[in-house]
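Chemist: The following block contains a protein sequence and its predicted model.
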Amino acid sequence: MARAKFSRHPEHTVNRYVTEGHWQSDTLCDLLDKWAVETPDRLFASEADGRGFTYREFSRASLKFANALLDIGLGKGDIVAIQLPSSIEFLIAYFGVTRMGGILATMHMPYEEHELRPLLEFSGAKAVICAPADEKRNRPEVMDGLRNSLPDLEHVIVARGSVEGAQFYRMSDMIAKSTLDEIADPPTAGDAALLCFTSGTTSAPKAVMHACETLLADARAYTKTINGTQDDHSMIAPPFSHIFGLECVNNSLSVGGSVVMLDQYTPSAFAGMLEQQKPTIVYGAPAHLAATLRAGELEGRDLSSVRHVILGGALCAPAVAREFEDHLPNGRIGILFGMTESLLVTQTDYDASPAERHGTVGRPVPGIEVRIVDTDGTELGAGVEGELQLRGFTIMAGYVGNDAANAKAFNEDGWFTCGDMAMWDEHGNVAITGRSIDVINRGGVKINPSDIEAAISEHPDVVQAALIPKPDDILGERICAVLSLRPGKTMTVESLSAFLAERKIGKMRRPEHVVILDDLPMTPTKKVIKSQLSKLVFPTG
């Protein structure tokens, strides 16, 4: 299979974004090195256990790793895949690969061999960085097996711990033995830096490449919307294997701030970091908040450092946002909208009303065009649901090697269709109302499940809720509620219907079937994967 190729935007588009000042000439490592000179002893990144690097230390580590990669035969334009939890090593790889002109291809931690193989094959990765073996799986052994069957894959690098066998490199040894030589042929801002695959809520994830010019342009613009400063200490719960997590790092880098990462989410770990790490900005997903609240982990904790909790990745039930915000004496909750394809493109105003901050995703980042259209492409006004479309300097040039997907996603005027349903509110905020593919067709009546899911999430016994279609011989589809509940709790169709009736949800829109599961299948960014959920609940549907 041919290696994934990066296509930059057309020349006239590039010239426009450069002229308007959105795209600049610096790379991620240019910015990192700038802070290493200006604020060398300021903390850049740390882990929950306290292990951290200053800007100077991190700049040196990334330079040494870049030289180590060159020493084993990698070069500009080569793709290095990575499967690691959020960690210092992940960030060293991100900046080190980028510094030497390579492209980092991210792969999520839950992926097994049958999921890794097509991603490695598609990317044409020449090296892969993985976690050491543990009691559950031997990742170096899996990667070595894949190397034997994938002609492009030459090197397996183990990020931490010990590893046996001359066929493996240890990342720490590579860095220790390397040099601080300047890179002879460094990348430009327009060179590809990151290859990500869409989150997998559809059956066929698509590949997206971003260059430093889009990554940093988005970080600079987005950080202004949240009034980010050098004094901000950002706690990042989304994994670095997803662009959401890495762009949060870029946000902090753009102002010279610091980050602390959560390597594996549990309610106690999340709440403990909120108190112990004293973050000023917290990035997370609605599911992080809901599960932490239901576990009672916030009670009695000092969360006074937090001024901003920023949610993305999925729709948030306003009741969950309100309840969590009640625990923040100095903080407020806001919501963003972003995608792998577009980066972070809207954000609620910190000073907006709770209804706006909890019920919308805010206004577009300056310079990003947003419109909501009907099926004929006519732009819609406030209060009318339609399809969300984007255009601007953070949007990808196109899916890699997928002409069919590009033809479907982009129209002739360059507007990118997100697949999300939305409407404008009276204040100019965008309210996401659901995914077009999630609409349930009950006897010809199209039912958008998002507001029903939000209402169900207000129930004190519910941890997570998702509505899926139940195949039906008469109506075609009926509404099924799949729920994760607090320990020891139960729910029936009748009790759920009564609860929704109190919240003015019409009878036709109430679930007619309830399934209780301990856990719902979710993406690494805590978005319910409804396609998997439907197959799990209705395997013959």
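Modeler: Thanks, I have it. It should be emphasised that the depicted structure is a prediction, and the values quoted were computed from it without experimental measurement.

Chemist: List phi and psi for the nearest residue to Glu512 once chain neighbours are set aside.
Modeler: In space, and not counting its chain neighbours, Glu512 is closest to Arg478: 4.8 Å by CB to CB, 6 or more residues apart in numbering. The way it works is simple: take the backbone N, C-alpha and C, and place the C-beta from them, glycine included. Dihedral pair for Arg478: phi -120, psi 170, per degrees, to the nearest 10.

Chemist: Next one: Arg478 from Thr417, what distance?
Modeler: Distance of Arg478 to Thr417, computed by CB to CB, to the nearest Å: 29 Å.

Chemist: the strands in the stretch 201-350 of the chain, which residues?
Modeler: Using DSSP state E, counting those that start in this stretch, the strands assigned to the stretch 201-350 of the chain run over residues 207-211, 233-236, 258-261, 281-284, 308-311, 332-339, 343-347.

Chemist: Would you tell me which of the ones you listed gets closest to Pro132?
Modeler: strand 258-261 (18.2 Å; CB to CB).

Chemist: Packing partners of that closest one?
Modeler: Judged by 3 or more CB pairs under 8 Å, 6 or more residues apart in numbering; DSSP states H and E, strand 258-261 is in contact with strand 43-47, strand 233-236, helix 243-255.

Chemist: Mind checking these for the one nearest to Met421?
Modeler: helix 243-255 (20.7 Å).

Chemist: now that closest one against strand 343-347, angle please.
Modeler: 80 degrees (axes from the mean of the first three to the mean of the last three CA atoms, to 10 degrees).

Chemist: C-alpha coordinates for helix 243-255, PDB please?
Modeler: Extracted in PDB, the C-alpha atoms of helix 243-255 (Å, rounded to 0.1, in the frame of the first residue of the first chain):
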ATOM      1  CA  ILE A 243      -5.900  15.600  18.400                       C
ATOM      2  CA  PHE A 244      -8.100  17.200  21.200                       C
ATOM      3  CA  GLY A 245      -5.400  16.300  23.800                       C
ATOM      4  CA  LEU A 246      -2.500  17.400  21.600                       C
ATOM      5  CA  GLU A 247      -4.100  20.700  20.600                       C
ATOM      6  CA  CYS A 248      -4.600  21.400  24.300                       C
ATOM      7  CA  VAL A 249      -0.800  21.100  24.700                       C
ATOM      8  CA  ASN A 250      -0.400  23.400  21.700                       C
ATOM      9  CA  ASN A 251      -2.800  25.900  23.400                       C
ATOM     10  CA  SER A 252      -0.600  26.100  26.400                       C
ATOM     11  CA  LEU A 253       2.600  26.200  24.300                       C
ATOM     12  CA  SER A 254       1.300  29.200  22.400                       C
ATOM     13  CA  VAL A 255       1.300  31.400  25.600                       C
END
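
Chemist: Let me have the strands of the stretch 201-350 of the chain in CSV, extended by distance to Trp23, mean neighbour count and mean pLDDT.
Modeler: Output for these, formatted as CSV (distance: least, CB to CB, whole Å; neighbours: other CB atoms under 10 Å; pLDDT from 0 to 100):
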stretch, distance to Trp23, mean neighbour count, mean pLDDT
strand 207-211, 9, 23, 96
strand 233-236, 24, 23, 98
strand 258-261, 24, 24, 98
strand 281-284, 24, 28, 97
strand 308-311, 24, 24, 96
strand 332-339, 18, 24, 95
strand 343-347, 13, 27, 95
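
Chemist: Pipe these into JSON lines and attach distance to Val370 per row.
Modeler: Formatted as JSON lines, those follow (distance: least, CB to CB, whole Å):
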{"stretch": "strand 207-211", "distance to Val370": "19"}
{"stretch": "strand 233-236", "distance to Val370": "25"}
{"stretch": "strand 258-261", "distance to Val370": "28"}
{"stretch": "strand 281-284", "distance to Val370": "21"}
{"stretch": "strand 308-311", "distance to Val370": "18"}
{"stretch": "strand 332-339", "distance to Val370": "9"}
{"stretch": "strand 343-347", "distance to Val370": "7"}
